[in-house]
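Q: Structure for the following, please:
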Amino acid sequence: MNKKIFTIGIALLIVAVVGATAALFLFPYQPDQPPRADDTGFTQEGIDDVVSANNQFALELYSDLAGTEGGNIFFSPYSISAALAMTYEGAKGQTAEEIKYVFHFPEEEILRPNFAAIYNSINEDGKEYELSTGNALWAQYDYKFLEDYTSRVEKYYGGKAANLDFIDETEESREIINTFIEKQTKDKIKDLIPTGVLSPMTRLVLTNAVYFKGTWKNEFDRSDTRDMDFKVTPDKIVKTPMMYMKSEKALNYAELDTMQILELPYKGDDVSMLILLPKQGEAYDSETGESVVYDYSLEDIELTPEKLEIYRMMAEFRSSGDITVYLPKFEFDAKYSLADKLIAMGMPTAFGFGADFSGMDGTHELYISSVIHQAYVKVDEKGTEAAAATAVSFGATSAIKMPKIFRADHPFIFIIQQKKTGNILFMGRMTDPTMQ
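A: A predicted model of the protein is given here:
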C-alpha cells in the first residue's frame, strides 16, 4: 500500500461558494484546551444509541475498505462521525436523510446532548492516558453563515469558529488550519490539507481531531522482543519484531471455533485494544487427545454490532490469568478518499448540485466536493499512540479447548475502544507489520 496518510482523529469539512477579501487569522481556541460541549439532558440510553450508531458505521466502513483496499487499514470512525454530525446539523431534506441513514444518527434531540457527553468524556481530566478531541469551524470572514447553525455546532460539539480569508489568502489559510491540527495531534498529522484542496471558492472548513496515547496496563518486556515470522499470506512470510508476554495477571480472553479474542487494557482501565485473531495452525485438543488443524482467515470473522458486543462480553466474562501473548510491533499511517465510499453507502445527494445545506447559510449553493480521512497508529512494548483526521470539502454551485497461546503472527483486526460504552475510537486491520 502506498504510504497512506490517515493519521490522528481529525474531521475536516471544507465549504466553497463565492465571496470577497481580507481575514482574521486566529485559532478558535488553544489547541490543547478544547471547549466543553453542552451535554444537558444526556442519558445512558442516549449514549448507547450514539455509540451504536458510531459502531455500526465503523463496521460498515471497515467492510468496504477491507473489500477494496490492500494491505493494512486504520481509521477513526469517531472522527468521521464527528465531522459528519457537524455537517448533518446544516443539512436539510433528502441530504439530511441520507447522511442520517449512512451514519445511523438517532433523532436530533438524542444525538446532540449524547454526542456532547461522549465528546466531554473523551476530554475528561485526570486520566492515566492521553485522550482528547476537538472540533472547529474555519469560516470565510465576510461570508454570512446562519448564527443558528454556528451556535449549535459550538454548543453541542465544541466547534468554535475562527475567521480566515480563503479568497485572497488561500495558502496562508491552509497553513493556519494545518498548524492547528498538528498541535491538536501532537505533530502526528502534518499537512492534512494538501496544496490545491482549498481555493478562493472555499467558504468553510470544519475540523475534528482525536488523539490517544496509552500505556499497557501490563507492559511487554523489550528484552523479550524477537524477530519472528509473520504470515502475510500462506505464500508470503516476513520477519518482524514480535513482542512476548507470559501473563500471570488475568486478561480478558475467549475463543470461538473460528477465532481467538483478546482484550489488552491500557492503564486507567477506561480504554482497551480488542484483537480478533483467526485461528490458524495446529493445536492440541486436550479432550480428545488429538491434534486439530485450523485454517481460518479474516473473512471468516463475522462483524456486526451484535456480534462485536458478543465478542466483547465473551472476553470480559472468560478472563484468563495464564496466557502467552505474541503481538507484533507496528507503526503505519494511511489516507483514504471517502467521497465515493459514502456515496455508495447511501448519501449521493450531498455530493451534487441537488445538495441542501441551507441550514448552514440559508441558500442551496453548498455541496460536498471531497472527504479525506487520515490516521496514524504505533504499537510497541510500552503501549499505543493513535490519531486520525477527516476532511470534508464543500463546493458552491468454541467447543474445542486449545492451549492458551495468543500468537498474532498472521493478519488480525484490532479495535481501540472506550471500555465502558464500547465506543470505537479507532479500528484497523494488520496484514503486514513491516509496511509503513
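Q: Sketch out the low-pLDDT regions of the chain for me.
A: Within the chain, the stretches falling below the threshold (pLDDT under 70) are 1-25, 284-289, 319-321, 395-403.
Q: Nearest the geometric middle of it, what residue?
A: Central residue of the chain (CA atoms, centre = their mean): Ser76, 0.8 Å from the mean position.
Q: Surely it and Phe212 touch.
A: No. If you go by CB atoms under 8 Å, Ser76 and Phe212 don't touch, sitting 9.2 Å apart. Where you see a C-beta, it was placed from the backbone N, CA and C, and this is true even at glycine.
Q: would you list every one of the helices in the stretch 201-350 of the chain?
A: 305-317, 339-345 (DSSP state H, counting those that start in this stretch).
Q: Excluding its own residues, what touches the last one? List them.
A: Put plainly, it is helix 339-345. Glu60, Leu61, Asp64, Leu65, Thr68, Val102, Ala350, Phe351, Ile368, Ser369, Ser370, Val371 (CB atoms under 8 Å, 6 or more residues apart in numbering).
Q: switch to 10 Å and redo it
A: Among residues not part of helix 339-345, those counted as contacts by CB atoms under 10 Å, 6 or more residues apart in numbering are 57, 60-61, 64-65, 68, 80, 84, 98-99, 101-103, 338, 347-352, 368-373, 392-393.
Q: Buried residues, that helix. List them.
A: Along helix 339-345, the positions that meet the burial threshold by neighbour count (16 or more other CB atoms under 10 Å) are Ala339, Lys341, Leu342, Ile343, Met345.
Q: following the helix of greatest length in the chain, which helix or strand shows up next?
A: Across the chain, the helix with the greatest residue count (assigned by DSSP state H) is helix 44-68. As assigned by DSSP states H and E, the chain's next helix or strand after helix 44-68 is strand 73-75.
Q: What pairs with that following strand, parallel or antiparallel?
A: Pairing partners of strand 73-75, with direction, according to DSSP bridges: strand 424-430 (antiparallel).
Q: Just give me how far the strand it pairs with sits from the chain centre.
A: Averaging C-alpha positions (CA atoms, centre = their mean, to the nearest Å) puts strand 424-430 7 Å from its chain's average.
Q: And for stretch 378-395?
A: A distance of 7 Å separates the C-alpha centroid of stretch 378-395 from that of its chain, computed with CA atoms, centre = their mean.
Q: Export that stretch to CSV, keeping only CA atoms.
A: As requested, the backbone C-alpha atoms of stretch 378-395 are provided in CSV (Å, rounded to 0.1, in the frame of the first residue of the first chain):
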residue,chain,number,x,y,z
LYS,A,378,2.0,3.0,16.7
VAL,A,379,2.0,-0.2,18.9
ASP,A,380,5.1,-1.2,20.9
GLU,A,381,6.1,-2.7,24.2
LYS,A,382,5.1,0.3,26.2
GLY,A,383,1.6,1.0,24.7
THR,A,384,-0.2,2.6,21.8
GLU,A,385,-0.3,6.1,20.1
ALA,A,386,-3.0,6.8,17.6
ALA,A,387,-4.6,9.7,15.8
ALA,A,388,-6.9,10.3,12.9
ALA,A,389,-8.4,13.0,10.7
THR,A,390,-11.3,13.7,8.3
ALA,A,391,-11.6,16.4,5.7
VAL,A,392,-14.9,17.2,4.0
SER,A,393,-14.7,19.9,1.3
PHE,A,394,-17.8,21.8,0.1
GLY,A,395,-18.0,23.4,-3.3
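Q: Cool, thanks, signing off.
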